[in-house]
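mind looking at a prediction? Sequence and model below.
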Protein chains: 2
Amino acid sequence: RRGWVALVGAGPGDDGLLTRRAAQLLASADVVVTDRLVPQGVLEALPGTVTVVDVGKTPGHHLVPQDEINRILVEHGSAGRGVVRLKGGDPYVLGRGGEERLACERAGVPVEVVPGVTSAVSVPAAAGIPVTHRGVARGFTVVTGHEQIAAVPPGADHTLVLLMGVATLRETAARLVARGRPAGCPVGIVERGWTPEQRVTLGTLADIADLAERVGVASPAVVVVGDVVRLAHAWPAAVRAEAVA
Amino acid sequence: RRGWVALVGAGPGDDGLLTRRAAQLLASADVVVTDRLVPQGVLEALPGTVTVVDVGKTPGHHLVPQDEINRILVEHGSAGRGVVRLKGGDPYVLGRGGEERLACERAGVPVEVVPGVTSAVSVPAAAGIPVTHRGVARGFTVVTGHEQIAAVPPGADHTLVLLMGVATLRETAARLVARGRPAGCPVGIVERGWTPEQRVTLGTLADIADLAERVGVASPAVVVVGDVVRLAHAWPAAVRAEAVA
């Protein structure tokens, strides 16, 4: 029997946002290799016969190195097992899916990539923030830290989505203002999107770092910068109406 | 009985990439309002009792204006019907979901937005192109035409995804080079992604417009610009290996 590996996006925190192909593959997997951003409900629904390998953290809370994850996938796939590598969001959006795919290809293990609902778009949506909106934003940029911040379009009409951006939030906000974004440009932070513990913090480039510190914003969180933040559900209807006036 | 409207992303061309929440809502809908980018298999699977309204084109091939779509959604929702507004990809990625949501909110019709697998990420993936890849691209920008092209990061290590970018491809490529992207920056065009008719055209900023013209590239297509294009399945393994060396 020939083994296989599927690199599968599990979407954000709600298991209803899993795709049908993902569900089908999970139902036929022998091994599921998972990380900390996968919706809990998806793992709880797995049959007891499935071996679950959690590479999100080890007992000492260290991440498993990428090379070791690649090795685990290839080992199980080469041994004739069906392996689902389950990732929060989408495998190719800062998810290192490409590296895992190449490792399988090099080892001659059949590998399939199954896109998921990316957190970059869906977590803002959970707070009512559309990454694009006619007359408000015609495009968006997704980055991790602050490295490419200097080069993104400076207008508040281009949405900036930061994944893993909480730790560098103060520096990022300052750099965006230095580069030309208005200090009053709205910013939204959505923690634990699509879970019952979702929390939304709204501010501007000028005050968001202080606000985040005050309420104790923590990962995982998605940060959205741009005029589209004014459409968030948390605002009064009048603010939202003005955003698209 | 209270009506409702759900703005639902159907993902790209493969009905396996529909989410479970989308499938659930379709199963309980009275009316499905659809457009031309929705996977055909999803519509074919609807029970015969569902009223399907196609706003993707009228008999004369004109698009139904957005105001008219909003009116249709509100009318059915207000009449106590369950309405799924089904869109290709994700409702908030250049899909005008925000406008439809606001129209329902203004009319007092309960409205829910269900994110989908966005074509901006998943259609490149169908060709083996990851929008991000360690050491190759740390972020990506999604835009429609050429309006914001001048402001996107110029390096080939930032991925640019163009939706509805076929008509303006020659101008876009020229502007990117004028702005500082190398003329040899790889470009991939994926037509009809995730369907049996998928076609991939690979080139560079210097030659992609000529290539596209020669083979007759047509919408719907997703254009990807950046070094990640070297990871496309269509390249020999040696090219892909070099891309991540």
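That came through fine.

which helix in chain A runs the most residues?
Taking DSSP state H as the criterion, chain A has its longest helix at helix A:66-78.

so which elements touch it?
Packing partners of helix A:66-78 (3 or more Cβ pairs under 8 Å, 6 or more residues apart in numbering or on different chains; DSSP states H and E): strand A:4-9, strand A:31-34, strand A:82-87, helix A:97-107. (C-beta placed from N, C-alpha, C; glycine too.)

that one - what's its average pLDDT?
For helix A:66-78, mean pLDDT is 97.

so that helix versus helix A:97-107, what angle?
50 degrees (axes from the mean of the first three to the mean of the last three Cα atoms, to 10 degrees).

quick one: helix A:66-78 to chain centroid distance?
Offset of helix A:66-78 from its chain centre (Cα atoms, centre = their mean, to the nearest Å): 23 Å.

kindly report the same for stretch A:172-180.
23 Å.

please enumerate the helices of chain A.
Going by DSSP H, chain A shows helices at A:20-28, A:40-44, A:66-78, A:97-107, A:119-126, A:169-178, A:208-215, A:237-243.

using PDB, write down the CA coordinates of the second one.
So the one you mean is helix A:40-44. Extracted as PDB, the C-alpha positions of helix A:40-44 are listed here (Å, rounded to 0.1, in the frame of the first residue of the first chain):
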ATOM      1  CA  GLN A  40     -10.000  22.200  18.600                       C
ATOM      2  CA  GLY A  41     -13.300  20.800  17.400                       C
ATOM      3  CA  VAL A  42     -11.600  19.300  14.300                       C
ATOM      4  CA  LEU A  43      -9.200  17.300  16.500                       C
ATOM      5  CA  GLU A  44     -11.900  16.200  18.900                       C
END
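
mind listing residues that contact that helix?
A:Ala10, A:Asp14, A:Asp15, A:Leu18, A:Leu26, A:Val32, A:Thr34, A:Val52, A:Leu86 (Cβ atoms under 8 Å, 6 or more residues apart in numbering or on different chains).

hang on, the earlier thing: dump the helices and strands packed on helix A:66-78 to CSV, plus mean pLDDT.
Output for the helices and strands packed on helix A:66-78, formatted as CSV (pLDDT from 0 to 100):
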stretch, mean pLDDT
strand A:4-9, 98
strand A:31-34, 97
strand A:82-87, 97
helix A:97-107, 96
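
which stretch among the ones you listed comes nearest chain B?
Among those, helix A:97-107 comes nearest to chain B, with 4.0 Å by Cβ to the nearest Cβ.

quick one, the closest one and helix B:119-126 angle?
10 degrees.

centre of the chain to helix A:97-107, how far?
With Cα atoms, centre = their mean, you get 21 Å for helix A:97-107.

returning to that earlier point: how about the longest helix of chain A, which residues are buried there?
A:Ile69, A:Asn70, A:Ile72, A:Leu73, A:Val74, A:His76, A:Gly77, A:Ser78 (16 or more other Cβ atoms under 10 Å in any protein chain shown).

pull the most distant pair out of those residues.
A:Ile69 and A:Ser78 (14.9 Å; Cβ to Cβ).

show me what contacts the most centrally placed residue in chain A?
Residue closest to the average C-alpha location in chain A (Cα atoms, centre = their mean): A:Ser119, at 3.6 Å. By Cβ under 8 Å, 6+ apart, the contact set of A:Ser119 is A:Gly11, A:Pro12, A:Leu37, A:Gly88, A:Gly89, A:Asp90, A:Val93, A:Leu163, A:Gly193, A:Pro220, A:Val222.

then A:Pro153?
So A:Pro153 contacts A:Gly139, A:Thr141, B:Gln148, B:Ala151, B:Val152 (Cβ under 8 Å, 6+ apart).
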